[in-house]
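Q: Curious how this folds, go ahead:
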Amino acid sequence: MSVSILARSSVLRQQALARTRSFHTTSVARSADHGHYHFPGKNKAPFATKVLIFLTTGFSIPFVAVKWQLYKSQGA
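A: Below is the predicted model of the structure:
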């Protein structure tokens, strides 16, 4: 009985591997027009400035919070 379970599991494993490797995209999907992006393509400098401000603000918040907590603990 255990031999049949092992044989069945190896067959199922091979079938699953064959299904995952048989995925292909069509040439239409690969050459599709990419006009649906939400990022501006013409105004790169203002967009880069906004992204830089956004990322800098998000990255600096923990450091500002630590500095504020240390400042508060020294005054007490």
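
Q: any idea where the helices of this structure begin and end?
A: 2-21, 27-30, 44-75 (DSSP state H).

Q: where does the protein have its least confident helix or strand?
A: helix 27-30 (a mean of 58; mean pLDDT, DSSP states H and E).

Q: re earlier: dump the helices of the chain into JSON lines; add mean neighbour count as well.
A: C-beta coordinates here come from the backbone N, C-alpha and C atoms, glycine included. Shown next, in JSON lines, are the helices of the chain (neighbours: other C-beta atoms under 10 Å):
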{"stretch": "helix 2-21", "mean neighbour count": "9"}
{"stretch": "helix 27-30", "mean neighbour count": "8"}
{"stretch": "helix 44-75", "mean neighbour count": "10"}
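
Q: mean pLDDT lowest for which of the ones you listed?
A: Looking over the helices of the chain, mean pLDDT reaches its minimum on helix 27-30, with a mean of 58.

Q: Read off the pLDDT value for Gly41.
A: pLDDT, read off for Gly41, is 72.

Q: Tell me how many other residues surround it.
A: Neighbour count for Gly41, taken as other C-beta atoms under 10 Å: 9.
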